[in-house]
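*Asks:* The following comprises the amino acid sequence and a computationally predicted model.
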Amino acid sequence: MDWLFLLIQTLNGIQYGLLLFLIASGLTLVFGIMGIINLAHGSFYMIGAYLAFSFTQMTGNLFTAILLGIPVTLVLGYGVERVFMIHLYKRDHLHQVLLTFGLILIFNELQLMIWGGDPNGVPIPDVLSGSLPISDTLSYPVYRIFLSVVCLVLAGSMALVIRHTRVGMRVRAGAANRAMAESLGVNMRSLSAIVFSVGVTLAGVAGMLAAPVETVYPGMGEQILIISFVVVVIGGIGSIKGAFVGAVAIGLVDVYGQVYLPEIASVAVYGLMAAVLLWRPSGLFGRT
Amino acid sequence: MKTKFDNISRRRTLGMLGVGVVAAATALPARFAIGGKAKVRIGTLLPYSGTYTRLGQSITNAMELAFAQAGGKLGGRAIELIKIDSEAKPPKAADLTNKLIGREKVDFIVGPVHSGVAMGMAKIAREEGTMMIVPNAGANQVTGPFCAPNIFRTSFSNWQPGHPMGKVLLDEGKKNVVLCYWAYGAGKQSAQGFKDGFVPHGGNVIKEIGIPFPKVEFQSALTEIASIKPDAVYVFFAGGGAVKFVKDWAAAGLKGKIELVGPGFLTEGVTKAQGAAAEGIRTTLHYADTLDYPANVTFRAAYRKAYGKGADVYGVQGFDAGQLIRAGLEAVGGDTGAKADMIKAMEGASIDSPRGKWTMSSAHNPVQNFYLREVKNGVNEVVKLAMENLSDPAKGCTM
């Protein structure tokens, strides 16, 4: 094991971690900040990927597809919030679990009806389709580096909005004590609608951006659901910084586990989660 | 847990009672009178929803095509299909199988696609003695430790498709190989099949990289492969995982530097999604769309005419399941009570399949040809016959 090999694997881990943060970002906002359990997060991710697939086929360009897809997911999120979620804020978490689980089943069936059961691929846009040679046999796809950059920008702007703007302050206030925030004049109904729609849009955009490096196929949403929750839980509920650190830690543990301890690779991530929760029961940066 | 088992055993008992009644009825002297009129009941336990929907549909369509080509009657009896959605969920296998055997009283049960479901089904079919035809699931165990006179397979064992690839590589002087596969049942059995055809003849497996199923993050494995620089890499991935691995492989710059090979599932039905990354990849499988046998040409034309789309390997396996049932029923003139004779006929059947003629091994798994294919313009073109009449070792079968 030479140093270059270790370095590349570390980069792989960080890059995978950033991708995980991107995938989990919508959940961080909805579950992490607002405290709403949204099992359908994976479905919104899947819908995003399929939208990217369809719109790319129509327009021939992924970026146009994303621009077209964002309003669709925004409207979808707003609709789901107005029709379903609005009745559940004051109820037990289990009701949210039940509802969003039902949504998974509905979205899966809709997906099969609209797009069918074949796996699909989305081509990488030409400008980003190159690779940077690292060694004589290995090169690094430019699109993955682009994804990492997008993710860093996203993480930064999310933290900025939540921590340093008036909207962010209200969101935090609402998450801490909904009734108190309302009595202080914050319109929680519209605020919740906005946050939920943005969360759904983030999940959708993650799906659109990941579509060229992932496969677009039925059930792809369930694949990312568990790992998204792991990211938020390790990081600690209510902390974007936590989710970010958590995601990168998972990426690194996953890659090192795969390379050095392949026997336990499948459980390494969950081992990390268990260890973190034993050490800090509310997550790395969670409110205690 | 306890109540659950109680429940199953009650169902089983009921099921067995049901089978008993049917057996008694068919054993009556009037069995021909009854058998001549009543329809043959064929139950399918296949995925009609979820990830494997397309496989379930292909198999069912092609099997119905085989029955239609026989004039809609087998051994003089009309056919009734009872279709049940397996959802490809192993926990549901036992209940659904019992439902088909006990309540629906089927003469044949055709399924499944998923190996986990196959285990649950085979266990019950062994006990009940119902005729079971497996049109896809490749778990070695089905025609290994679980083998039984009434269980047949018309697809392949997981051991088979990758086995001929060892010889292909050695013939080209490629001796140093890395294996990379989903480390679960099918992946491990496929890797073993490859090794059995590679290592004893001088091949060298440098490293095995197991990826937890169904993970699709391959970057660290690709980095490792690039640093080892083997002559070739043998992989087992299917469906969405196959699409992603092939694309990641090309994006990592490995395409054209190290040869990527695998069993046919790597490029079967997914080349459109893989795009240019799939070009030139070579795989071994018991079928290719482009095989020029007359049986294949007529089958593909008939399938397209009936269903308006192209047939695939799963359809071929379903078609052969239909042909096998036909061979069994015609040998006994439609008398499903004459099970021993029917089994004998099915064991001795020579199936004129779109994949080429094949026969049954003593463990009831196809003894069949395997072809080396190469992706050209998104199509798996046949390069050559890689291995003729390959039989599964059927480890653990005591039949």
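*Replies:* The structure has been received and is ready for your questions. None of these values were measured; they are calculated from a predicted model.
*Asks:* quick one: secondary structure of B:P145?
*Replies:* Secondary structure for B:P145, judged by DSSP: H, G, I helix; E, B strand; the rest coil, is coil.
*Asks:* Once you drop chain neighbours, what's closest to it?
*Replies:* Of all residues not flanking B:P145 in the chain, B:G396 sits nearest, at 3.7 Å (CB to CB, 6 or more residues apart in numbering or on different chains). In this view, the C-beta of every residue, glycine as well, is placed from N, C-alpha and C.
*Asks:* Show the pLDDT at that neighbour.
*Replies:* For B:G396, the model assigns a pLDDT of 94.
*Asks:* for it, helix, strand, or coil?
*Replies:* coil.
*Asks:* what's the pLDDT at A:L110?
*Replies:* pLDDT at A:L110 comes out at 93.
*Asks:* part of a strand, is it?
*Replies:* No - read with three-state DSSP, A:L110 is helix and lies in no strand.
*Asks:* That one: neighbour count?
*Replies:* As a burial measure, A:L110 scores 13 neighbours (other CB atoms under 10 Å in any protein chain shown).
*Asks:* again, but for the one 10 residues further on
*Replies:* Residue neighbour count, defined by other CB under 10 Å, stands at 22 for A:N120.
*Asks:* Tell me where chain A has strands.
*Replies:* A:131-133, A:139-141 (DSSP state E).
*Asks:* who in the stretch 1-150 of chain A is up against chain B?
*Replies:* A:5, A:8-9, A:12-13, A:15-16, A:108-109, A:112, A:116-121, A:123-124, A:131, A:133, A:135, A:137-141, A:143-144 (CB under 8 Å from any CB of the partner chain).
*Asks:* Can you tell me which of those residues are buried?
*Replies:* Buried by 16 or more other CB atoms under 10 Å in any protein chain shown: A:5, A:8-9, A:12-13, A:15-16, A:108, A:112, A:117-121, A:123-124, A:131, A:137-141, A:143-144, out of these.
*Asks:* Let's see which of the residues of the stretch 1-150 of chain A next to chain B end up in helices.
*Replies:* A:5, A:8-9, A:12-13, A:15-16, A:108-109, A:112, A:143-144 (DSSP state H).
*Asks:* in the stretch 151-288 of chain A, what residue is nearest chain B?
*Replies:* A:S266 (3.3 Å; CB to the nearest CB).
*Asks:* which residue sits closest to that residue in space, ignoring its chain neighbours?
*Replies:* In space, A:S266 is closest to B:P212, 3.3 Å off (CB to CB, 6+ apart).
*Asks:* wait, what's in contact with the one you found?
*Replies:* Residues near B:P212 by CB atoms under 8 Å, 6 or more residues apart in numbering or on different chains: A:265-266, B:182-183.
*Asks:* Quickly check those for the two that are furthest apart.
*Replies:* Greatest spatial distance among the contacts of B:P212 (CB to CB): A:A265 and B:W182, at 11.8 Å.
*Asks:* Give the buried residues for stretch A:194-204.
*Replies:* Here stretch A:194-204 shows A:194-204 as buried, counting by 16+ other CB under 10 Å.
*Asks:* any idea of the mean pLDDT for it?
*Replies:* Rounded mean pLDDT across stretch A:194-204 is 94.
*Asks:* try stretch A:154-165
*Replies:* 92.
*Asks:* Any idea how far that stretch is from the middle of the chain?
*Replies:* 16 Å (CA atoms, centre = their mean, to the nearest Å).
*Asks:* ok, and for it, which residues are buried?
*Replies:* Neighbour-count burial for stretch A:154-165 [16+ other CB under 10 Å]: A:154-155, A:158-159, A:161-162.
*Asks:* how about the helices of the chain, start to end?
*Replies:* You didn't pick a chain, so chain A it is. A:3-27, A:41-59, A:62-83, A:93-115, A:142-164, A:166-176, A:178-183, A:188-210, A:220-235, A:240-260, A:265-279.
*Asks:* I was after chain B.
*Replies:* B:2-27, B:31-37, B:53-69, B:90-98, B:115-128, B:159-171, B:185-198, B:219-228, B:239-251, B:271-274, B:294-307, B:313-331, B:339-348.
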